[in-house]
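A.B. asks: give me a model of this one.
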Amino acid sequence: MNSLASIETTPDPEALALDSLVEQTLAGDERAFALLVARMQPRVQRWVQSYAANPDEADDIAQESFVLALRRLRQYRGGGSFPVWLYSITRRAAGRIRKKARRREALVAGPKAFPDRLFYETDPGARVDRERLGALVREFWEELPERQRAVVDLVDLQGYTPGAAASILDINPATLRANLFKGRHSLRLRLLACYPSLAAQKSREEA
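C.D. replies: Residues are numbered from 1 along each chain as shown. So this is what the prediction gives:
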């Protein structure tokens, strides 16, 4: 029984390594922070893809994430949850960068111009213009409440399982599923309001 209990409570080696690098960084070891960035960079790059409008913006968000993380590193409480903590920092950085980008776009472009042609007419199904549809999905996704946006991002856009996403966000799996349902439902209603033909097309496919 004792050996089983010790196995179940053994900390994750990666979590221990990350926490150790955090402690070394706080002690003034710059090399430790470089190693911390190297370990987390691929994960952060995956996280930022759904927030960024283009690769350059993704790089800006990733860089801003690590800058913010270094500034606020003393706020991290340890316990092996560094990826969860860094994900929240990354979301903040993304919000900051995207807010600046939207202000620049508004100044440069003025009022948004919507294209007249919203559908392909090269096939009988009159498929929705994928580029326009993708832009709408991103627009509606950005309008979701923060928790729903994070859940839809991790599960539907980045491909994490609901269990893994719940762990990253440090929330109860039932809470995650509820927010995932609400987020998906909200996106679907908004899209169908713009493109009623999608509902008819889905009905034909399911018939």
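A.B. asks: distance check, the most centrally placed residue in the chain against residue 87.
C.D. replies: Nearest to the geometric centre of the chain sits residue 153, at 4.2 Å (Cα atoms, centre = their mean). According to Cβ to Cβ, to the nearest Å, residue 153 and residue 87 sit 10 Å apart. Glycine gets a C-beta too; all of them are placed from N, C-alpha and C.
A.B. asks: overlap in contacts, these two.
C.D. replies: Shared contacts of residue 153 and residue 87, defined by Cβ atoms under 8 Å, 6 or more residues apart in numbering, are found at residue 47.
A.B. asks: which residue ranges of the protein form helices?
C.D. replies: 2-8, 13-26, 30-48, 55-71, 82-109, 130-143, 146-152, 162-169, 173-194, 197-206 (DSSP state H).
A.B. asks: average pLDDT across the first one?
C.D. replies: Going back to what we said before, that points to helix 2-8. Averaging pLDDT along helix 2-8 yields 38.
A.B. asks: go on, the second one?
C.D. replies: When pLDDT is averaged along helix 13-26, the result is 90.
A.B. asks: residues contacting that helix, please?
C.D. replies: The contact list for helix 13-26, computed with Cβ under 8 Å, 6+ apart, reads 32-33, 35-36, 39-40, 70, 73-74, 76, 78-83.
A.B. asks: any low-confidence regions in this protein?
C.D. replies: 1-11, 100-134, 197-207 (pLDDT under 70).
A.B. asks: next one: the residue nearest to residue 79 when sequence neighbours are not counted from residue 33, what distance?
C.D. replies: What sits nearest to residue 79 in space, not counting adjacent residues and going by Cβ to Cβ, 6 or more residues apart in numbering, is residue 19, at 7.7 Å. To residue 33, residue 19 is 13 Å away according to Cβ to Cβ.
A.B. asks: ditto for residue 18
C.D. replies: Using Cβ to Cβ, which is the criterion applied here, residue 18 is 12 Å from residue 33.
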